[in-house]
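Peer 1: Show me how the following folds:
(one chain, ligands or ions: 1)
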Amino acid sequence: MKTYNFNKEAPVGFFDSGVGGLSVLQEAVKLLPEENFIYYGDSKNAPYGTKPIEEIKRLSFAAADFLLSRGVKALVVACNTATSASIEELRDTYSNIPIIGIEPALKPAVELKLPGKIIIMATPVTLAEKKFYDLIKSYAENSVIQPLPCPGLAELIEDGKLTGEEISYFLRNILEPFMVSPIASIVLGCTHYPFIKGELSRIIGADIPIIDGSAGTARELRRQLSLKDLLSDRTIKGNIHIFNSLEGEEIIKFSYTLLNQ
Ligand code: DGL
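Peer 2: Below you'll find the model as predicted:
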């Protein structure tokens, strides 16, 4: 078991298989603008969502170690797939640091009480893991829940295909079979997907709510920092450093573009 001590002015670390976790970082920056953040995208090894669990665990620990070696005071696993595969082991190993994960935001979707089915779009790994089964178990009785694995979608987003024919074709292809009967809402169970919300809306209709867990994760980060008296006392805006396992400036530039959009 590794233990660490941190001070309240240390940065918060975020990681994801690539650029997806930036959708979670966006919400954290809105909620906690005085904090410093370090983001690590593992684009070299993306996607995680179709890899064996043991490999995802190994990559998650490598990402966590990268951030911990830079002295972060809390860790946000800004990836649903890495959360399903490795959050328990990360918490057992780094027991002294708050570790916040993300899972499909099913609860707010159920609470809308809209007629029709709730579609949960996520990676094959997220939807196959026990964590997901445990999540839907408690809601399945009163709601119609339709898991929808989307292999290939995170890759398109990593490639910057956020709008246009390719992404639109992909989405139409996977969603059309479900559009013959009412859709209550769509839950985005992968942190890459909020970046294609616009395209998704165009296909399913602007009136169907699209829900993701990034704001909830940011609130949980604030709650845990506050609980441990780790919220920064700074009164000026904090800074954000983005790192990526891919070499070159292009991925870093793309990351800042996504973060600021
Ligand atoms: N962003 C990751 C998630 O939230 C998945 C993308 C991938 O397959 O690497 O699940």
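Peer 1: And the pLDDT at the closest residue to the ligand within the chain?
Peer 2: Here the chain gets closest to the ligand at one residue, Gly49, 2.7 Å apart by Cβ to the nearest ligand atom. Any C-beta I mention is one placed from the backbone N, CA and C, and that applies to glycine too. Confidence at Gly49, expressed as pLDDT, is 97.
Peer 1: Name the residues of this protein found near the ligand, please.
Peer 2: Residues of the chain that fall close to the ligand, judged by Cβ under 6 Å from any ligand atom: 16-18, 20, 46-49, 79-81, 123, 126, 154, 190-192.
Peer 1: Kindly list the longest helix within the chain.
Peer 2: Assignment by DSSP state H gives helix 53-68 as the longest helix of the chain.
Peer 1: Figure out the helix or strand that the residue nearest in space to the middle of the chain lives in.
Peer 2: A centroid search over the chain (Cα atoms, centre = their mean) returns Thr191, at 3.2 Å, as the residue closest to the centre. Thr191 belongs to no helix or strand when assigned by DSSP states H and E.
Peer 1: Let me see the contact set for it.
Peer 2: Neighbouring residues of Thr191 by Cβ atoms under 8 Å, 6 or more residues apart in numbering: Asp16, Gly20, Gly21, Leu22, Ser23, Val24, Ala78, Cys79, Asn80, Ile102, Asp212, Ser214.
Peer 1: State the distance from the last one to Val125.
Peer 2: Looking back up the chat, that one is Ser214. Taking Cβ to Cβ, to the nearest Å as the measure, Ser214 falls 19 Å from Val125.
Peer 1: now the helices for the stretch 1-150 of the chain?
Peer 2: Ranges of helices within the stretch 1-150 of the chain are 22-31, 53-68, 80-93, 106-111, 124-128, 130-137, based on DSSP state H, counting those that start in this stretch.
Peer 1: of these, which approaches Glu176 most closely?
Peer 2: For the helices of the stretch 1-150 of the chain, proximity to Glu176 was assessed by Cβ to Cβ; helix 124-128 is nearest, at 19.4 Å.
Peer 1: From the chain's centroid, how far away is that closest one?
Peer 2: The chain centroid and the centroid of helix 124-128 are separated by 14 Å, computed with Cα atoms, centre = their mean, to the nearest Å.
Peer 1: what helices or strands is it leaning on?
Peer 2: The contact analysis (3 or more Cβ pairs under 8 Å, 6 or more residues apart in numbering; DSSP states H and E) places helix 124-128 against helix 80-93, strand 144-149.
Peer 1: looking at the ones you listed, which is buried most?
Peer 2: With neighbours defined by mean count of other Cβ atoms under 10 Å, none of the helices and strands packed on helix 124-128 is more surrounded on average than helix 80-93, at a mean of 23.
Peer 1: got the buried residues for stretch 187-198?
Peer 2: Neighbour counts using 16 or more other Cβ atoms under 10 Å place Val187, Leu188, Gly189, Cys190, Thr191, His192, Tyr193, Pro194, Phe195, Ile196 of stretch 187-198 among the buried residues.
Peer 1: Tell me which two of the residues you listed sit farthest apart.
Peer 2: So, those by Cβ to Cβ: farthest apart are Val187 and Phe195, at 15.7 Å.
Peer 1: Quick one: the strands in this protein, in order.
Peer 2: With strands called from DSSP state E, the chain shows them at 12-16, 37-41, 74-77, 99-100, 117-122, 144-149, 183-188, 210-212, 240-244.
Peer 1: Please could you give me each C-alpha atom of the fifth one, formatted as CSV?
Peer 2: The C-alpha atoms that make up strand 117-122 are tabulated as CSV, following Å, rounded to 0.1, in the frame of the first residue of the first chain:
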residue,chain,number,x,y,z
LYS,A,117,-36.1,3.7,-23.4
ILE,A,118,-32.9,5.1,-21.9
ILE,A,119,-30.0,4.4,-24.3
ILE,A,120,-26.6,4.1,-22.6
MET,A,121,-23.8,4.6,-25.1
ALA,A,122,-20.4,3.4,-23.8
